[in-house]
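Enquirer: next input, structure requested:
(2 chains)
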Protein chains: 2
Amino acid sequence: MALASLVNGRSSDEISLHDRGLQYGDGVFETIALENARLLCWDEHIARLRAACNQLHIPMPDEAVLVDEVSRLTQITKQGIIKIIITRGLGGRGYALPDTVAATRIISLYALGDCPHENATTGINARVCAYRYTQNQALAGIKHLNRLEQILARSEWDDDAIAEGIVLDRDDMVIEGTMSNIFYMAQEILYTPDLSACGINGIIRQKIIELAVDLNIEVCIRMTPLALLMTADEVFICNSIIGLWPIKMIDAQSFPVGDKTHKIRQTLQKRHIIPTPC
Amino acid sequence: MALASLVNGRSSDEISLHDRGLQYGDGVFETIALENARLLCWDEHIARLRAACNQLHIPMPDEAVLVDEVSRLTQITKQGIIKIIITRGLGGRGYALPDTVAATRIISLYALGDCPHENATTGINARVCAYRYTQNQALAGIKHLNRLEQILARSEWDDDAIAEGIVLDRDDMVIEGTMSNIFYMAQEILYTPDLSACGINGIIRQKIIELAVDLNIEVCIRMTPLALLMTADEVFICNSIIGLWPIKMIDAQSFPVGDKTHKIRQTLQKRHIIPTPC
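Expert: Now for the predicted structure:
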């Protein structure tokens, strides 16, 4: 549960039943790391939130309002997670867009979860999910509130030794993890799957693609059959909260935690793009 | 807005921010017509709700509890709409299913909307949506709270003269309306699209398929290219609230409102499967 939440600027743990966020999952969200009182990649999260709102024709709140509300919460603690949800607000029955929309702003502060420090250093175990993501270009890339696909994929295991599931699309192409993007090194090139038909183009994914240039690593976005991933030299996942976790095992296939992976992680940390593992 | 709502049996218009129904659209729903104090097709709605809960591993509340709570609301009025939402309840951050789930029950009573009586008699105008539904066999048929696809389709028009949009899948096969199932007559056979990969298998759709046998109408579920629908002799849509509406026009193509359509509608009304148009 959250340490504190604001709904439209008012301290609250509840929203209206008639909010379209609940009725239809009609909204978008961002999850942002708070480290030493600094909100990592704030500008990028706000830009993506704005793009998602625009794509779904939800009015984007003023950034100044969001900054003010988030800063009220970040006075509570210097380390944690901020989640911002913007919904299409109140509505009656029916899918038609209301004539006038007053978006609902929900901002919550969470404590950091208790993930082992070793996840970031010696790596994690992952599995390949049986569930396949659907391809939907109209919704691809948007962090929206319709997350049953991720829930179905994540529900396939409850073994704490497995930290992430890798999800393919129905053409058996690797897309991403249930909560993360995926990268892999092969023949000195850094690859990440193409997300034009499904998946979320994560902020950290974008940052790693930019960073690779600085680190003199060639980077390439490509359609990735599972078999290709399984022959990679190094594999890692990333998101705004976990930062970067090397994968040491996918099902029965092991991978070394390589120099490039460490180098990318350390550079992301040094530049305050991802939090330092706790 | 609802006339009244109960959340887990308590009169309320709010739910927790931390309900997975809001956070992820992690829940299912049913919408039931209330006519002359009678809940139409109650058993069928409860059976589908149970099936949906089972499919998503959400604990189904006892039917006796639902009956009790619904009957508290139906004392307020004899005509209206009951909407039941069951979510996976409270959860922390992350897609993983909580170790123990206490489902949230949300039951709301709505007044009837103000749709013209002629919709049921002389028919409606419809359009073909540009948006294409994704095919997802794991979620097909479930009335879940992830409804952005319907919202995207419904957002394509705001002309009150158009009462429904017809949505195809990405193989250009007709699936259903944004809020209804679709049927059509051709060469004395009643057809409805195959929904095994997407769409909602509506209660009224199922009832019409059963009813056709009684009425000596041959009925067939088939893949339906749009061009085939456009050559139909009669076309109609149905759901639990609107009942049955003939379609008199799809884009520029007109259709007669035929005898079979009237016969099916009248029989559904007589048997208290659909409400009588107000």
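Enquirer: is stretch A:43-54 positioned near chain B?
Expert: No. Stretch A:43-54 lies out of reach of chain B by Cβ under 8 Å from any Cβ of the partner chain, never closer than 11.3 Å. Just so you know, the C-beta spots here come from the backbone N, C-alpha and C atoms, and that holds for glycine as well.
Enquirer: now could you export just the CA positions of the worst-scoring helix or strand of chain A on mean pLDDT as CSV?
Expert: Taking mean pLDDT, DSSP states H and E as the measure, the helix or strand of chain A with the lowest value is helix A:118-121, at a mean of 93. Once non-C-alpha atoms are left out, helix A:118-121 reads as follows in CSV (Å, rounded to 0.1, in the frame of the first residue of the first chain):
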residue,chain,number,x,y,z
GLU,A,118,22.3,-9.3,-5.8
ASN,A,119,19.6,-9.0,-8.5
ALA,A,120,21.6,-6.0,-9.9
THR,A,121,25.0,-7.6,-9.5
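Enquirer: what packs against that helix?
Expert: strand A:243-250 (3 or more Cβ pairs under 8 Å, 6 or more residues apart in numbering or on different chains; DSSP states H and E).
Enquirer: quick revisit: next secondary structure element downstream of the least confident helix or strand of chain A?
Expert: Next helix or strand after helix A:118-121 toward the C-terminus (DSSP states H and E): strand A:124-133.
Enquirer: hang on, the earlier thing: and the contacts of the least confident helix or strand of chain A?
Expert: A:163, A:242-246, A:257, A:265, A:277 (Cβ atoms under 8 Å, 6 or more residues apart in numbering or on different chains).
Enquirer: what do you get for stretch A:262-277?
Expert: A:33, A:35, A:38, A:40-41, A:117, A:119-121, A:190, A:204, A:207-208, A:211-212, A:214-215, A:217, A:236, A:238, A:240-241, A:243-244, A:246.
Enquirer: and the contacts of helix A:118-121 as a markdown table, adding neighbour count and pLDDT?
Expert: What follows is these, written out as a markdown table (neighbours: other Cβ atoms under 10 Å in any protein chain shown; pLDDT from 0 to 100):
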| residue | neighbour count | pLDDT |
| --- | --- | --- |
| A:163 | 21 | 97 |
| A:242 | 23 | 95 |
| A:243 | 23 | 96 |
| A:244 | 25 | 97 |
| A:245 | 28 | 98 |
| A:246 | 22 | 98 |
| A:257 | 19 | 95 |
| A:265 | 22 | 97 |
| A:277 | 17 | 84 |
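Enquirer: skipping its backbone neighbours, what lies nearest the residue of chain A found nearest chain B in space?
Expert: Residue of chain A nearest chain B, by Cβ to the nearest Cβ: residue A:25 (3.0 Å). Using Cβ to Cβ, 6 or more residues apart in numbering or on different chains and skipping residues adjacent in sequence, the residue nearest residue A:25 is residue B:25, 3.0 Å away.
Enquirer: would you agree that neighbour is in contact with residue A:149?
Expert: No. Residue B:25 lies out of contact with residue A:149 (Cβ atoms under 8 Å); the separation is 10.1 Å.
Enquirer: higher neighbour count, those two?
Expert: residue B:25 (27 against 23; other Cβ atoms under 10 Å in any protein chain shown).
Enquirer: name all residues that make contact with the more buried one.
Expert: With Cβ under 8 Å, 6+ apart, residue B:25 has these contacts: A:24-25, A:145-148, B:144-147.
Enquirer: how much space between it and residue B:143?
Expert: Separation of residue B:25 from residue B:143 (Cβ to Cβ, to the nearest Å) stands at 12 Å.
Enquirer: do the same with residue A:259
Expert: 51 Å.
Enquirer: neighbour count: these two, which is higher?
Expert: Between residue A:259 and residue B:143, residue B:143 has the larger neighbour count (other Cβ under 10 Å), namely 20 against 10.
Enquirer: what residues does the stretch 51-200 of chain A put near chain B?
Expert: Along the stretch 51-200 of chain A, the residues adjacent to chain B under the rule Cβ under 8 Å from any Cβ are A:56-57, A:81, A:83, A:85, A:90, A:92-97, A:106, A:108, A:110, A:113, A:131, A:134-136, A:138-139, A:144-155, A:158, A:170, A:178-179.
Enquirer: picking up where we left off before, in helices, which of the contacts of residue B:25 fall?
Expert: Secondary structure from DSSP state H places A:24, A:148 of the contacts of residue B:25 in helices.
Enquirer: please tabulate the contacts of residue B:25 in TSV, including the columns pLDDT and distance to residue A:225.
Expert: Output for the contacts of residue B:25, formatted as TSV (pLDDT from 0 to 100; distance: Cβ to Cβ, whole Å):
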residue	pLDDT	distance to residue A:225
A:24	98	35
A:25	98	31
A:145	97	31
A:146	97	27
A:147	96	26
A:148	96	26
B:144	96	30
B:145	97	33
B:146	97	28
B:147	96	33
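Enquirer: closest to residue B:65 among the contacts of residue B:25?
Expert: residue B:145 (20.2 Å; Cβ to Cβ).
Enquirer: how many neighbouring residues does the closest one have?
Expert: If we define neighbours as other Cβ under 10 Å, then residue B:145 has 27 of them.
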